[in-house]
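> here you go, sequence then predicted model.
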Amino acid sequence: MADIKALDLFQAYNEGKLPHDGGYIVSSFFKNNTPYSIYEVVAYGGVKNIAVGEEGITFQTDGCKLYVLVEPSMYSKKYIEPVSREHGSSIPFRFNELNIHNAKNQYKIMVPKEPLITYSSFTVLKPTGINFALCFYNNDDVIDTIEHFFVQTFNKEAQVPKRDSMQAAKLVSEALKKFNIF
């Protein structure tokens, strides 16, 4: 299994391939067929229990969490703090807590300066529509793998220009290096 870098989270659970000793989970939440998107990255280690419910998979362990927001130029409420936006469009951060990359096409990619820590448990929701939940194995190059993944998904899914995707993905990998799970 050392050559496996990532799997669909729910497929990995069903096949017994979900790493209990630790890994990274990347989930996406695209808003109403627009490029407005929120990505949630969770690193976990030392799982006590994993339970599947109707809404998703609950991990009984501590975790570090990072939210990444891609705001397209046509978003009409860009003046509202991300923490105060409507349900499904918000992340738990204010502008001053974020590194904001302004792309050539006027999109903004927002990455928190510091991750959040979840204590005791967290739940990863079942993806719907084009959303996804992937589990990245905690290999030596996992941060590089996730950075490459974000370059691709920012560019292809969120419509961020390639050069800006690379710069924004670098912000994500720098934030991931601050995780203290492993």
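All right, it came through fine.

> can you list contacts of the lowest-mean-pLDDT helix or strand in the chain?
Least confident helix or strand of the chain, by mean pLDDT, DSSP states H and E, is strand 116-118 with a mean of 89. For strand 116-118, the surrounding residues in contact (Cβ atoms under 8 Å, 6 or more residues apart in numbering) are 42, 62, 63, 64, 65, 66, 67, 92, 180. For glycine as for every other residue, the C-beta is placed from the backbone atoms N, C-alpha and C.

> what subset of those residues is buried?
42, 62, 63, 64, 65, 66, 67 (16 or more other Cβ atoms under 10 Å).

> the helices in this protein, which residues?
Counting by DSSP state H, the segments of the chain that form helices are 9-14, 142-156, 162-176.

> export these to a markdown table and append columns for mean pLDDT, mean neighbour count and distance to residue 72.
Formatted as a markdown table, the helices of the chain follow (pLDDT from 0 to 100; neighbours: other Cβ atoms under 10 Å; distance: least, Cβ to Cβ, whole Å):
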| stretch | mean pLDDT | mean neighbour count | distance to residue 72 |
| --- | --- | --- | --- |
| helix 9-14 | 94 | 17 | 26 |
| helix 142-156 | 95 | 19 | 12 |
| helix 162-176 | 97 | 19 | 12 |
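
> isn't residue 113 up against residue 95?
No. Counting by Cβ atoms under 8 Å, residue 113 does not reach residue 95; the two are 11.0 Å apart.

> mind listing what residue 133 touches?
8, 9, 10, 25, 26, 27, 28, 56, 124, 125, 126, 127.

> so which of those sit within strands?
Among the contacts of residue 133, DSSP state E puts 8, 25, 26, 27, 28, 56, 124, 125 in strands.
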